[in-house]
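*Asks:* Any chance you can model this:
(one chain, ligands or ions: 3)
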Amino acid sequence: MSMLMKFTGLLGLLLLVQLPGGKSAPTDWDYVSNDPSEWPSAFKKWCGGRAQSPIKLIYSEARYDTDLPPYSIVEDNTPGRKFKVYNDGHKVSIFFSSAMMNVTVPGHPNSCFRPHSIHWHWGADDSHGSEHWMEGRHYPLEGHVVMWNCQFYSKFEDAANSFSGLAVLGILYEPDSSVTTYSRPLANMISLVASDPRLQRCAGCANETFEPPKVDMDAFPLGDLVPADRSQYYLYGGSLTTPDCRQNVMWTVYRQAQRVPPSVLATLRSLKYPDGSAMISNFRPPVPLNPTSPFGARRIVVRSFNSGSTPGLPRGASWLRADKLSSFGLSLVAVAMTVARAAV
Ligand SMILES: *[C@@H]1O[C@H](CO)[C@@H](O)[C@H](O)[C@H]1NC(C)=O
Ligand SMILES: *[C@@H]1O[C@H](CO)[C@@H](O)[C@H](O)[C@H]1NC(C)=O
Ligand SMILES: [Zn+2]
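*Replies:* Ligands and ions are numbered 1, 2, ... in the order given. Modelled structure (predicted):
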């Protein structure tokens, strides 16, 4: 079996066939007046679909896969490069402009995901804010490293609109007043945001097509942004968590939360939406892993670790391997087919 077929097996199972249509969709959404509860009716194409994100990641409901090692990150750390920070009216992001970083999924030698940007979602207080819930906890902050498939596509825009196009790494954060040193890139971003009015509020971003001002920051290694323990994660096929909620995202959410000083949260909560109100609670609440209707295929979540006595899948039964399809691999095929039919 060729590498391409193996890799297609991975992504073809996880990432569902969903291409945006030619019809122009409504673009007005926010977390206050056209909030996440309205999205399924306002953005009918996907936001009410069967493979939406975020979800609650539940240890006992996820299947252990013995063959999920940490992804490898290869990057060019030539000094002097710059990234761009901006506030788009919904959140704050760093765009990895001109960065050459590649993430490889082990066991899939030609796989290539290129990190494009990271953005964050946070709450009004420490009781909520993350999009995914990790083993029963709603964390106050979650970062999303958005990556595009550079094996199948030659640029972000093509990948974002296509089958198997995107993969996102989810990073959870926990405030801890005893923490003094933490992720240097996050600290640098926070100090920029705290001091630059262009990043505090984008009034023009009330217009969704407005280009927000972008502020330079020194480039950094992606490894300094993700948790130290990258061996433990959950993996599932889902969607973007903002409209149009397209369902072509392979999600990896790290189990280990990063500890950060409470000032990180305070700075993010001091940012403003375009109308001048506090930029808080810019997260989508979790949606069910599977619709309550018993008809149609079911999604599954896998985890790379096993902390209890639950027996894992035997080695070689990995659903990542297209040549040894497991029963949940087959159920994912069914999900993909169901969604493909629904999209027609
Ligand atoms: C990333 O992959 C591309 C090919 O897609 C390659 O040209 C580039 O050198 C790689 N970057 C690094 C840092 O390995
Ligand atoms: C929105 O912004 C775009 C680009 O800046 C501009 O061309 C357009 O006229 C704006 N629309 C409104 C309604 O302000
Ligand atoms: Zn996000």
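*Asks:* Could you tell me which residues make contact with the spatially most central residue of the chain?
*Replies:* Centroid check for the chain by C-alpha atoms, centre = their mean gives Val168 as the closest residue, at 3.4 Å. Applying C-beta atoms under 8 Å, 6 or more residues apart in numbering to Val168 gives the contacts His144, Val145, Val146, Met147, Val249, Met250, Trp251, Thr252. Where you see a C-beta, it was placed from the backbone N, CA and C, and this is true even at glycine.
*Asks:* Check which helix or strand it maps to.
*Replies:* strand 166-175 (DSSP states H and E).
*Asks:* Pull the distance from that strand to the chain's centre.
*Replies:* Taking C-alpha atoms, centre = their mean, to the nearest Å, the mean C-alpha location of strand 166-175 is offset from the chain mean by 7 Å.
*Asks:* try stretch 191-203
*Replies:* Counting by C-alpha atoms, centre = their mean, stretch 191-203 is centred 24 Å from the centre of its parent chain.
*Asks:* What lies in contact with that stretch?
*Replies:* With C-beta under 8 Å, 6+ apart as the test, stretch 191-203 has contacts from 85-89, 92, 210, 212-213, 215, 217, 267-268, 270-274, 276.
*Asks:* for stretch 257-272, same thing?
*Replies:* Counting by C-beta under 8 Å, 6+ apart, stretch 257-272 makes contact with 87, 92, 120, 122, 124, 126, 129, 134, 139-141, 171-177, 179-180, 182-183, 186, 190, 193-194, 199-201, 227, 278-280, all of which sit outside it.
*Asks:* Can you tell me which of the residues you listed are buried?
*Replies:* By neighbour count, with 16 or more other C-beta atoms under 10 Å, the contacts of stretch 257-272 hold 87, 92, 120, 122, 129, 134, 139-141, 171-175, 182-183, 186, 190, 193-194, 199-201, 227, 279-280 as buried.
*Asks:* What about the residues you listed, which are in strands?
*Replies:* Asn87, Val92, Trp120, Trp122, Met134, Leu141, Ile171, Leu172, Tyr173, Glu174, Pro175 (DSSP state E).
*Asks:* For these, give me CSV that also has distance to ligand 1 and pLDDT.
*Replies:* Formatted as CSV, those follow (distance: C-beta to the nearest ligand atom, whole Å; pLDDT from 0 to 100):
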residue, distance to ligand 1, pLDDT
Asn87, 29, 98
Val92, 26, 98
Trp120, 25, 98
Trp122, 31, 98
Met134, 30, 97
Leu141, 29, 98
Ile171, 21, 98
Leu172, 27, 98
Tyr173, 27, 98
Glu174, 31, 97
Pro175, 33, 97
